[in-house]
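> Quick one: sequence and predicted model below, then my questions.
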Amino acid sequence: MRDTLKHSGLRNKLAKILLAKGISDAKVLDAIRAIPRHLFMDSSFEGHAYQDKAFPIAADQTISQPYTVAFQTQLLAVRPNDKILEIGTGSGYQTAILLQLKAKVYTIERQLELFKKTKIFFSKMGYRPKKTIFGDGYKGLPEEAPFQGIIVTAGAPEVPKALLSQLDIGGRLVIPVGSDNQIMTLFVRKSEKEFEKKEYGSFRFVPLLEDKN
Ligand code: SAH
């Protein structure tokens, strides 16, 4: 599959839809216009890639809806060179959006099949996260902390303490919290011990699974 003018035209339309739905950060909309979402999906979905919908990827997981990706990215407020940790690499689409915003991205996936597939895809496409890791994101990545931003792309029944502790002062954790439905939640680290918490709308994610070992 290739990226063509037809695809970039569809991305422009998608960016307009996201703007109308309330995504106001111009850099986030530019990233949506830049990343060829159809290449992150099975070719059978190509015709649907620029609809504002989630789709199945491998291992019973989904590529998040573009609105959700844009909403989380906007909340993360990425600046160039920020160190960002992503939990739930999945298709790699969210990773590519973060790279487009010039972040240094560390991304973790717990499904081996997806991890392998997406890692190969990144190198084929020339996307360069700092690290693509196979493992349990519940624990974060202490050896690379602190992070200016942490984004969780699966629904967390509760907020993993490790992730809060790995935020830089001023750093932001964007995490959908809940079991059936999730409330998009932003934590901003104000000091060593203080966190400001804000809640946004309701979303639906595949579950963040903890490896109990
Ligand atoms: N950002 C992805 C979203 C994929 S869905 C995309 O846009 O394609 C969420 C992903 O989180 C799934 O791939 C799932 O396997 C992964 N996941 C769930 N629990 C996890 C955990 N504890 N650690 C790392 N990844 C996890």
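Arrived safely, thanks for sending.

> what's the neighbour count on the residue nearest to residue 207 when sequence neighbours are not counted?
Closest residue to residue 207 in three dimensions, ignoring its sequence neighbours and counting by C-beta to C-beta, 6 or more residues apart in numbering: residue 155, at 5.3 Å. For every residue, glycine as well, the C-beta is placed using N, CA and C. Applying other C-beta atoms under 10 Å, we find 22 residues neighbouring residue 155.

> Give me the phi and psi for residue 15.
phi -60, psi -40 (degrees, to the nearest 10).

> I'd like to know how far it sits from residue 29.
Residue 15 is 5 Å from residue 29, where distance means C-beta to C-beta, to the nearest Å.

> Show me which residues of the longest strand belonging to the chain are buried.
For the chain, the longest strand by residue count, based on DSSP state E, is strand 167-177. Using 16 or more other C-beta atoms under 10 Å as the test for burial, strand 167-177 gives 167, 171, 172, 173, 174, 175, 176, 177.

> With just CA atoms, put that strand into PDB.
Extracted as PDB, the C-alpha positions of strand 167-177 are listed here (Å, rounded to 0.1, in the frame of the first residue of the first chain):
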ATOM      1  CA  LEU A 167       6.500  12.000  36.000                       C
ATOM      2  CA  ASP A 168       8.800  15.000  35.900                       C
ATOM      3  CA  ILE A 169       7.700  18.100  37.900                       C
ATOM      4  CA  GLY A 170       5.300  19.800  35.600                       C
ATOM      5  CA  GLY A 171       4.800  16.500  33.700                       C
ATOM      6  CA  ARG A 172       1.500  15.200  32.500                       C
ATOM      7  CA  LEU A 173      -0.200  11.800  32.800                       C
ATOM      8  CA  VAL A 174      -3.100  11.200  30.400                       C
ATOM      9  CA  ILE A 175      -5.000   8.100  31.300                       C
ATOM     10  CA  PRO A 176      -8.500   6.700  30.700                       C
ATOM     11  CA  VAL A 177      -9.700   5.500  34.100                       C
END
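
> what pairs with the next helix or strand after that strand, and is each one parallel or antiparallel?
Next along the chain after strand 167-177, taking DSSP states H and E as the criterion, comes strand 182-189. When pairing is defined by DSSP bridges, strand 182-189 lines up against strand 167-177 (antiparallel), strand 195-203 (antiparallel).

> Nice, that's everything, thank you.
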